[in-house]
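K.L.:
Just the structure for this:
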Amino acid sequence: MNKVYLIGNLTRDPELTETSAGTPICRFSIAVNRRARNNADGERKADFYRITAWRQLGETVARYAKKGNKVAVIGDIELNSYTDKEGVERTSVDVTASDVEFLTPRGASEDTGDSGYSAPAPSAGRKKPALQSFDDDGDIPF
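P.N.:
So this is what the prediction gives:
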């Protein structure tokens, strides 16, 4: 079984493209802090993961997420080797997302536009239940 659960912050804005067949694909990266702190300077180390989200999930991530947002990603993990511009052999950890949850609270983003996080609209016919009050005579109401 190959399943990974990650919580981290986007290191850059997501990039939405399409395959030649027109399938949406979104690529973004997240930084995941390690629990332990570096003994020398007290800073936490982070691991970086490249994430790929396909189809509607990818479109949703591209629309609502941006650099710095905290997300939870569930997906399959894959290790890939490549040679960088300087000719050095490198390994990357890539994740194909099956689910992405936005964890940054609405209104906590820096931009003034629509952050994309929206709570469900209340039903027109539903009323909030009234809170019961009780006299404070030292008795607990239960």
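K.L.:
how far out from the middle of the chain is stretch 9-16?
P.N.:
Centroid separation between stretch 9-16 and its chain, computed with CA atoms, centre = their mean, to the nearest Å, is 10 Å.
K.L.:
Now do the buried residues in it.
P.N.:
Residues of stretch 9-16 classed as buried: 9-10, 14, 16 (neighbour count, 16 or more other CB atoms under 10 Å). For every residue, glycine as well, the C-beta is placed using N, CA and C.
K.L.:
mind listing which of these are in helices?
P.N.:
Among the buried residues of stretch 9-16, DSSP state H puts none in helices.
K.L.:
Adding distance to V88, write those out as JSON lines.
P.N.:
Formatted as JSON lines, the buried residues of stretch 9-16 follow (distance: CB to CB, whole Å):
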{"residue": "N9", "distance to V88": "26"}
{"residue": "L10", "distance to V88": "26"}
{"residue": "P14", "distance to V88": "27"}
{"residue": "L16", "distance to V88": "30"}
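K.L.:
chain center to stretch 56-66, what's the gap?
P.N.:
Averaged C-alpha coordinates place stretch 56-66 at 10 Å from its chain's average position (CA atoms, centre = their mean).
K.L.:
related to what we said a few turns ago, from the buried residues of stretch 9-16, pick the one nearest K45.
P.N.:
K45 lies nearest to N9 out of those, by CB to CB, at 14.3 Å.
K.L.:
Return the residues in contact with that closest one.
P.N.:
Contacts for N9 (CB atoms under 8 Å, 6 or more residues apart in numbering) come out as 30-31, 68-71.
K.L.:
give me that answer again for 10 Å
P.N.:
Residues near N9 by CB atoms under 10 Å, 6 or more residues apart in numbering: 29-33, 46, 67-71, 103-104.
K.L.:
Give me the buried entries from these.
P.N.:
For these, buried by 16+ other CB under 10 Å: 29-30, 69-71, 104.
K.L.:
For burial, what's the neighbour tally of the closest residue to E43 other than its chain neighbours?
P.N.:
Spatial nearest neighbour of E43, chain neighbours left out: R37 (6.6 Å); criterion: CB to CB, 6 or more residues apart in numbering. Per other CB atoms under 10 Å, the neighbour tally for R37 reads 12.
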